[in-house]
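Chemist: could you work out the structure for the sequence below:
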Amino acid sequence: MDEVTRSHSGIAAFVRREWPHWLLIVALFVASAWAWNRVTLPIPTHWNIRGEVDGHGGRFEGLLLVPLIAVGLYALLLVLPRIDPARANYASFTGAYTVIRATFALLTAGLHAVLLATALGYPVDAGRWIPAGVGLMFVVLGSVLGKVRPNYFVGVRTPWTLASAKSWEQTHRAGGRVFVLAGLGMVLAALLMQPWFFAAVGLLSGGALVWLLYYSYAVWRTDPDRVPVTGTLPPREGR
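Modeler: Sure thing, here's the model as predicted:
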């Protein structure tokens, strides 16, 4: 009886946690079904750095591709904590992982809404709002990156962060700031719609990522207690 009760409680907790994701995915497919015979073909599906349409597609690309990607992302992020060799660590950053999952879900929903509105003929500046949405995603991810604990799938995974809890912690704290700044730069570039600004943000972000790789190595070299991430506990605060 106790095992049955625990099983029912686990299922109920799972449903309470996951139903917003299910509802959002269903809404994406329902919206696509509603728009199926209302859109004008071909459907704009890609914009260049100037915000001009430079790619079109049929109903699959314009109405079904993003919902299918949303299903794939949902399934992937749901299963990762179960197959990660360092899965014991996920319990220590449940809140951050929940934010990460929600961010990807909302990004796909926003992208689908923009594509649908464009396909239906509404004057939506997709070339501006899509990169702005991606930039906001980076800001949100950066805000929780420092809370992500050692694992093999989520975060800045270099040979050195995976071999040192200290390198993991300090690299992710620095990486969070890099992500936030890169995201804000992308949002600003989307609002300005200046190709040179997009290029500058890309170059600076690329340089910051290279620096982050070096930083993870430099911290690893100073760690006297290098421990692989598998089966490790969260790094001690203030270490």
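Chemist: centre-most residue in the protein?
Modeler: F104 (4.6 Å; C-alpha atoms, centre = their mean).
Chemist: which strand or helix spans that one?
Modeler: helix 94-119 (DSSP states H and E).
Chemist: quick one: list the elements packing against that helix.
Modeler: Here helix 94-119 touches helix 2-35, strand 43-47, helix 65-83, helix 126-145, going by 3 or more C-beta pairs under 8 Å, 6 or more residues apart in numbering; DSSP states H and E. Any C-beta I mention is one placed from the backbone N, CA and C, and that applies to glycine too.
Chemist: recalculate using a threshold of 10 Å.
Modeler: Counting contacts by 3 or more C-beta pairs under 10 Å, 6 or more residues apart in numbering; DSSP states H and E, helix 94-119 is packed against helix 2-35, strand 43-47, strand 53-57, helix 65-83, helix 126-145.
Chemist: what angle sits between that helix and helix 2-35?
Modeler: Counting by axes from the mean of the first three to the mean of the last three C-alpha atoms, to 10 degrees, helix 94-119 lies at 20 degrees to helix 2-35.
Chemist: next, the angle helix 126-145 makes with helix 94-119.
Modeler: Using the same axes, to 10 degrees: helix 94-119 against helix 126-145 is 180 degrees.
Chemist: buried stuff in helix 94-119?
Modeler: 96-97, 99-101, 103-105, 107-116, 118-119 (16 or more other C-beta atoms under 10 Å).
Chemist: quick check on the residue nearest to P195 when sequence neighbours are not counted: phi, psi?
Modeler: Nearest residue to P195 in three dimensions, chain neighbours excluded: I49, at 4.8 Å (C-beta to C-beta, 6 or more residues apart in numbering). In terms of degrees, to the nearest 10, the main-chain angles of I49 are phi -70, psi -20.
Chemist: quick check: the gap between I49 and G57.
Modeler: Distance, I49 to G57, using C-beta to C-beta, to the nearest Å: 20 Å.
Chemist: and the helix or strand that contains W196, what does it pack against?
Modeler: Take DSSP H and E as the rule and W196 turns out to sit in helix 195-221. For helix 195-221, the elements it packs on are helix 126-145, helix 165-192, judged by 3+ C-beta pairs under 10 Å, 6+ apart.
Chemist: L209: which of those is closest?
Modeler: helix 165-192 (7.2 Å; C-beta to C-beta).
Chemist: mean confidence score for the closest one?
Modeler: Averaging pLDDT along helix 165-192 gives 94.
Chemist: cool, stretch 124-131 as well?
Modeler: Per-residue scores along stretch 124-131 average to 89.
Chemist: send me it as CSV with only the CA atoms.
Modeler: What follows is stretch 124-131, C-alpha atoms only, in CSV (Å, rounded to 0.1, in the frame of the first residue of the first chain):
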residue,chain,number,x,y,z
VAL,A,124,5.2,41.7,-37.8
ASP,A,125,8.9,42.6,-38.0
ALA,A,126,10.2,39.1,-37.6
GLY,A,127,13.7,40.0,-38.6
ARG,A,128,13.8,42.2,-35.5
TRP,A,129,11.8,40.3,-32.9
ILE,A,130,13.3,36.8,-33.5
PRO,A,131,16.9,37.9,-32.7
